[in-house]
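Student: dropping the sequence and predicted coords here.
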Amino acid sequence: MASVSTYNSNSLEDTSRRLSSRDGMSLEESSTLPHIPGESPVIDKDVIYVCPFNGAVKGKVYITSYRLYFRSQDLDSPVICDVPLGVISRIEKMGGASSRGEHSYGLDITCKDMRNLKFALKQEGHSRRDIFDILTKYAFPLSHNLPFFAFLNEEKFSEDGWKVYEPVREYVRQKYPADKWRITFCNQTYALCDTYPQCLMVPYDATDEDLHKVAAFRSRGRIPVLSWIHPENHAVIMRCSQPLVGMSGKRNKDDEKYLDLIRETNGQTQKLTIFDARPNVNAVANKATGGGYEGEDAYQNAELLFLDIHNIHVMRESLRKLKDIVYPNVEESHWLSSLESTHWLEHIKLVLAGAIQVADKVSSGKMSVVVHCSDGWDRTAQLTSLAMLMLDSYYRTIIGFEVLIEKEWISFGHKFASRIGHGDKNHADADRSPIFLQFIDCVWQITKQFPIAFEFNEQFLSTILDHLYSCRFGTFLYNCESVRQKEGVREKTVSLWSLINSEKIKYTNPFYSRETNGILYPVASMRHLEPWVNYYIRWNPRVRQQHNPVEQRYLEMLALRDDYLRRLKELQESNSPKRANSGNSTSAMVSQVQTRF
Amino acid sequence: MLSGSKSSFKIKQLAPELQVNMRAKFAGTYDEKNGTLGFKCLPGEYIKQAATHVKKYVPSRCGKTFIWGSLFCTNFRISFVPQVKGHNTEKTSNQIILNREHDVVLACIDRVVGVTGQSRSKVLTANSIVRGLLEELVIYCKDFRELHFQFGYRTPQSECIQISTTIAQSYQELSTDHLLTIQRDSTTLWRFDHDSLIRKDVFGTQMFEALQDWEDELMRMGALGWRVSPVNERFDMSTSLPKYNVVPSALLDTDLQKMFTLFNERRIPRLCWHHPRGSDFLRMAYFQTNTDPEKEDMRIVEMLMLACHSQCVLVDVTDDLPNPSEIQTAHVKLRNLCMAFESSVAESDEKWLSTLENTHWLEYVRLCLKKSWEVASLLAERCLCAVLQEPEDRDLNCLVASVVQVMSEPHFRTIRGFQSLIQKEWVVAGHQFRQRLNFARDKDKEESPVFLLFLDCVWQLLQQYPTSFEFTEAYLLAVHDSTHIPFFSTFLSNSQRERQKTNQHLPSEQSYTPVNGWSNLSSRDNLLSGNYLLSKEKTSLPVVWEWSLQYDSHYQALFTNPYYSDSTANTVLNGSIDIQGTVKSDPGCIGSCSVYLLSKGSLSLQTQYLPWKTGSGPKKGSRRAHSVESLSELERSLRKKSVVPVSTDGILLPLLVGPFIRLWKRCYLRGSQGAEVVASVPDSEFLTEEMMFLQTCLKELQLSLDSYSDKKHASTETYSAFRSHFRSGPP
């Protein structure tokens, strides 16, 4: 699509005025820069972009309250970098005033989306001081007591993304049996658990008082609550954090009773299956810090399975290694062994394999399951949401997937702020980890294996990831619902789903077939997992940015067919007014055809 | 006799007389005419052993599934016939010789593994002794299929052992003689119902056996200055070259005749392809260095090679590419890995990527693509002459020559063009299919799947440019699998001459035409009893392009790529584009030509490229003197090109970095765990059908639009087609 010479890093949704020298219009700078309502210019400067692919490019960098935008002087084949400031993870000065060597003095910018940018400046005076200071200030608003851009964004969309997820509506959609389960607002003030949402689904027979007792025995009060219920066999997926067993092997009757209640609520289950996402040794090690896992003696009607998924630090390291082999240069001859040594796909495989086990237990085994890791906001969210995606075709629609993210990730307190480090200059924070990216990668793997089972396309997934970092929308800001409420995110910011749902066609998979509503069991084997090239390697201009050509061809043909149909109908109507019958049949046919797609 | 040998059964006990008994037994048991158990013998085929109540494992998305049926081993194949409820009602086309799902030709069997009670696996050979209860039988095929059979408790153990050992014996005893027998038998096979087999389904493939095909091709390419020489018409110049070869018009056949001895295998330089902008693409064997040509002869050699260009690039394919034995080693490793012979899948899964890398197969694919990429860009970039060189010009020259053409010209990305290309650069060009594919298992040292490596290269292009090919992955798979069935003349011989001879040697007088048609013709006994009319027509083995011998029309429909966008395929390469460029760069033929060698992605100027002393005169400088020139404009342009792979003028230049050279999973992983994901056929089949339908609709609508404007009435058929489709529509 993008011409090759255009090193076009613009995968973000800035469809606003695009730079084009062929317009014949005078290139009035400000008018040709992409701009979203609420965005204001801050500074611009002549720089040299030290492109790792095409060498040094002279041009100008524009910094606004939302983005860093570089454009080359050469307007015939412009080189453009469009980077939302939220994407920036680290800004460093490279070289000193006395540095020798070409382009050795300037700024080195590390991004969260698998790329680095280097800008060289003239070694005169303190030419980079102002730009460095301004960039640092706007890229890391949290560290400078400034608001996120999401709070300044004045975009208006035809759809309101904040209305996509409404917890009660979602639980009702799952058709829970009202005599067995109940919705409780006992966490209205976030007193039960400050990282859980207000609205929770619990066994009908468990009183609010019981819940408070259980909370005392679960890490950070994250008690087992319902994520999903099977519409037919009523087996459920529950999520929670680890029990506070500790070194002494503490027990808690209320917790034991509560888990047994969960087992009983689904009449068919003899045993309750508890999936501990961690490797066994890690679970044991957690006892030292007061955590642990459900012991056999205490929970006699439960079986405990470990899923061997590693912690956030391992995943962060793995992604770092992956970046090393894809940016800026892609390994050529030893690609496969290099890829293997990052272990990224292996981790993906373990997460997928775990989710398959969860889904299979609920569906084939008709058993209720409880999923937890340590705190129940990273691996647990991955497992429950992936299992739900496999089990329930609703989550494979665009809206359904938005609901899934809102519910399992955002409302249940995946710590987006800590894991992504929105607006925080502390790039080395040990809390950062690509857990959500890993989840989206898993989803991508499933879409690859089931190409017609999903309503959304690849661009939908990469757009979500782009705005995971961009801070243009309020969707992923902050760690949990209570903070979000305090900050007034819903009132003061725009939702990412507003953008997406206003332009749904762009994110729609044309091959989607609603009929594929069964359970999807992807194959979690290294043989069948692939690196997500269109995401991880998209900055490399040597790699064609392919929008799926087959998809495009299909759309072209659909358009062509519609055109033929239209012309046929026109001809018929204009030329044979007598033969009203056949005219009707055409329009009947046309409508029939159109409903099919 | 067989009782009491429950735990141990020696195959050698299966004496010939027993086999005869077996045959008699089965001849009695199974009504072969109608195939009570659904099995039909082909002409010349007879059942050696059978077992009933066998379960065959079928991979599916919802766990393991088995189907019940009977297993047969004949002198020709293994066949599994599923139990069909009711009578055999499904109409199977009589023309199709093999069931792609349940049949394996003996020649395609790679190994046979028996699993005994203690779930111990053992490779079965002709002399194997099976100890313990034989429960499972796994057939590993050369085409990467795996057939798993389980014996039910209703199958007598002796039957299990007999069929397993018969299979193990039969596939291993294949020899050249045996192969010839089968070929002879199979020729009778093709003769039945001959009328329907008239080569109607070869997609108009040019065989390049007759002069006309060469003339047509020359016309199509618009290669002025070239002619088809019949000098080798009787194969007396070179036995391995085709009858007809394209050489510069300026050379007379009398001059040409003297040239052959100067090259290995007498394989002279000749034209493969002509670029519309003037570049020529040639292939040749190495020079015969121990000859002593005269000066005049060397002038002719130069004329042959340089073809009046001012720049010539020699491409020695042995330089950066694997040799045939390396390719074979890689392929064996790949097969062992993909079919998980030794280790269990779970164990090796974590190391899958590095193990895959260690097979070097993908690396070889990449190197071949890279070399072809360089040549294709050179040919497109400027007006020059590129010459492929290989010691014998019969392996990698075939591969590079054809990949370059697939990259360069849309015509070769159509089914017709692709098949013609294989004919031109492999079949008649003298690729030694007999050795390389080693059907008779007597050429183990020379076995090398160079042709399969080529198919993989094409698959890589197809998956990077999914809308640029008229054919599909299913089609490439069909070509791939056909190479393992030794019944097509296409892949049986080493040269056009040999093919012609084989066909002559086939028993034309003994060729049979069944009296009562196909269904009565079933076993060798029938054959021998002479229930046939002798046919006087000349016999020949069929060519592989007669796809209806192998696939029904439903499957063949999957060969055509519904997403194919043929916008570039129709541009005729007739040299009409920018001929001026051609003229300009041709100052004065011989003597003023700079010759470069393309190696390791760069060009270096050659002063002495002929092996004989009195070589090209004008440039006498030493190599060193010209090393500066090696950074010529030509090379720089080459380098520049390699930075940005683009597709211009219909050239497909693939991405070569690691992540883009992929494993052809639908081919190599079809037998393995999770294969059902790779063969996500229902999905893609559905899509394909949808697209096909859409295209037909488009065509019909267009037609009816046209006729509408003419006759002022619309075609109602189109509507009904639409309606019926969307009512009955796909799931």
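Tutor: That came through, no problem. Numbering: from 1, shown residues only, chains lettered A, B, ... in the order given.

Student: need the contact list for the closest residue to chain A within the stretch 451-600 of chain B.
Tutor: Of all residues in the stretch 451-600 of chain B, B:Tyr563 sits closest to chain A, at 4.5 Å by CB to the nearest CB. Any C-beta I mention is one placed from the backbone N, CA and C, and that applies to glycine too. Residues near B:Tyr563 by CB atoms under 8 Å, 6 or more residues apart in numbering or on different chains: A:549-550, A:553-554, B:466-467, B:691.

Student: and these, which is closest to A:Lys323?
Tutor: A:Pro549 (27.3 Å; CB to CB).

Student: give me the pLDDT value at the closest residue to the closest one other than its chain neighbours.
Tutor: In this structure, A:Pro549 finds its nearest non-sequential neighbour in B:Thr467, 5.0 Å apart by CB to CB, 6 or more residues apart in numbering or on different chains. B:Thr467 carries a pLDDT value of 88.

Student: give me the neighbour count for B:Thr467.
Tutor: 18 (other CB atoms under 10 Å in any protein chain shown).

Student: looking at chain B, which helix or strand is least sure?
Tutor: Across the helices and strands of chain B, mean pLDDT, DSSP states H and E gives its lowest value to helix B:579-584, namely a mean of 32.

Student: gap between B:Val301 and chain A?
Tutor: Distance of B:Val301 to chain A, computed by CB to the nearest CB, to the nearest Å: 37 Å.

Student: likewise for B:Phe433?
Tutor: Plainly put, B:Phe433 is 30 Å away from chain A if you go by CB to the nearest CB.

Student: three-state assignment of the residue of the stretch 451-600 of chain B closest to chain A?
Tutor: coil (DSSP: H, G, I helix; E, B strand; the rest coil).

Student: and B:Leu137, what element?
Tutor: strand B:134-141 (DSSP states H and E).

Student: buried ones in that strand?
Tutor: Using 16 or more other CB atoms under 10 Å in any protein chain shown as the burial criterion, the residues of strand B:134-141 that qualify are B:134-141.

Student: residue of the stretch 201-350 of chain A nearest chain B, please.
Tutor: Per CB to the nearest CB, A:Trp335 is where the stretch 201-350 of chain A lies closest to chain B, at 2.2 Å.

Student: how many neighbours does the closest residue in space to that residue that isn't next to it in sequence have?
Tutor: Taking CB to CB, 6+ apart as the measure, A:Trp335 lies nearest to B:Gly658, with 2.2 Å between them; neighbours along the chain are not counted. Burial of B:Gly658 is recorded as 26 neighbouring residues (other CB under 10 Å).

Student: surely B:Gly658 meets A:Asn329?
Tutor: No: applying CB atoms under 8 Å as the test, B:Gly658 and A:Asn329 come out as separate, 10.4 Å apart.

Student: contacts for the helix or strand where A:Lys213 lies?
Tutor: In this assignment (DSSP H and E), A:Lys213 forms part of helix A:208-215. Helix A:208-215 is touched from outside by A:184, A:186, A:192-193, A:202, A:221-224, A:252, A:254-255, A:257-258, with contacts defined as CB under 8 Å, 6+ apart.

Student: what's the most distant pair in those residues?
Tutor: That would be A:Thr184 and A:Asn252, which, of these, are the farthest apart (CB to CB) at 20.1 Å.

Student: which residue does the stretch 151-300 of chain B have closest to chain A?
Tutor: Residue of the stretch 151-300 of chain B nearest chain A, by CB to the nearest CB: B:Arg277 (21.2 Å).

Student: can you check the pLDDT for the residue nearest to A:Trp335?
Tutor: Confidence score, pLDDT, at B:Gly658: 88.

Student: again, but for B:Ser632
Tutor: Looking at B:Ser632, the pLDDT reads 47.

Student: what do you get for the one 10 residues further on?
Tutor: Looking at B:Ser642, its pLDDT is 42.

Student: what parts of the stretch 251-400 of chain B come near chain A?
Tutor: For the stretch 251-400 of chain B, the residues in contact with chain A (CB under 8 Å from any CB of the partner chain) are B:345, B:349-354, B:356-357, B:362-363, B:366.

Student: in PyMOL, how would I select just the buried ones from those residues?
Tutor: The buried subset of those, as determined by 16+ other CB under 10 Å, is captured in PyMOL by this line:
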select buried, chain B and resi 349+352+353+356+357+362+363+366
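
Student: the helix or strand B:Ile161 falls within vs strand B:134-141, what angle?
Tutor: Secondary structure from DSSP H and E places B:Ile161 in helix B:157-172. Note on geometry: by axes from the mean of the first three to the mean of the last three CA atoms, to 10 degrees, helix B:157-172 and strand B:134-141 are set 20 degrees apart in direction.

Student: how about the helices of the stretch 451-600 of chain B, start to end?
Tutor: B:473-482, B:496-505, B:524-528, B:553-557, B:579-584 (DSSP state H, counting those that start in this stretch).
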